[in-house]
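In: could you work out the structure for the sequence below:
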Amino acid sequence: MYATGLHEVGSSAVEHYSMLELHDLFVLLCAAFNQPQYKVDKHLNVLPD
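Out: Numbering: from 1, shown residues only. The predicted structure is shown next:
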């Protein structure tokens, strides 16, 4: 939702970002906030690279 929020309603960008998988949205958000990507286990503990 955050990734699509900066585009005009009905634009192709909104449709494009709305169709992305969760992992792809996470990558975009990490880049947008200049944060490293990470993975977690089922208990939400951050896993080493």
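In: how about the lengthiest helix in the chain: buried residues?
Out: For the chain, the longest helix by residue count, based on DSSP state H, is helix 22-32. Residues L25 are the ones in helix 22-32 that count as buried (16 or more other Cβ atoms under 10 Å). C-beta: built from backbone N, CA, C; applies to glycine.
In: now do the helices in the chain.
Out: Ranges of helices within the chain are 12-18, 22-32, based on DSSP H.
In: and the ones you listed as a markdown table, adding distance to P48 and mean pLDDT?
Out: As requested, the helices of the chain are exported to a markdown table (distance: least, Cβ to Cβ, whole Å; pLDDT from 0 to 100):
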| stretch | distance to P48 | mean pLDDT |
| --- | --- | --- |
| helix 12-18 | 30 | 74 |
| helix 22-32 | 17 | 88 |
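In: could those be laid out in TSV, adding distance to K42?
Out: Below are the helices of the chain laid out as TSV (distance: least, Cβ to Cβ, whole Å):
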stretch	distance to K42
helix 12-18	27
helix 22-32	16
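In: between those, which one is nearest to Y38?
Out: Taking Cβ to Cβ, helix 22-32 is the member of the helices of the chain nearest to Y38, at 8.3 Å.
In: output that closest one in PDB with nothing but the alpha carbons.
Out: Below are the C-alpha coordinates for helix 22-32, written out as PDB (Å, rounded to 0.1, in the frame of the first residue of the first chain):
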ATOM      1  CA  LEU A  22       5.300  -9.500  -0.700                       C
ATOM      2  CA  HIS A  23       9.100 -10.100  -1.100                       C
ATOM      3  CA  ASP A  24       9.400  -7.600  -4.000                       C
ATOM      4  CA  LEU A  25       7.500  -5.000  -2.000                       C
ATOM      5  CA  PHE A  26       9.800  -5.600   1.000                       C
ATOM      6  CA  VAL A  27      12.900  -5.100  -1.300                       C
ATOM      7  CA  LEU A  28      11.400  -1.800  -2.500                       C
ATOM      8  CA  LEU A  29      10.600  -0.500   1.000                       C
ATOM      9  CA  CYS A  30      14.200  -1.400   2.200                       C
ATOM     10  CA  ALA A  31      15.600   0.600  -0.700                       C
ATOM     11  CA  ALA A  32      13.200   3.500  -0.100                       C
END
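In: list the helices and strands it packs on?
Out: On a contact count with 3 or more Cβ pairs under 8 Å, 6 or more residues apart in numbering; DSSP states H and E, helix 22-32 meets no helix or strand.
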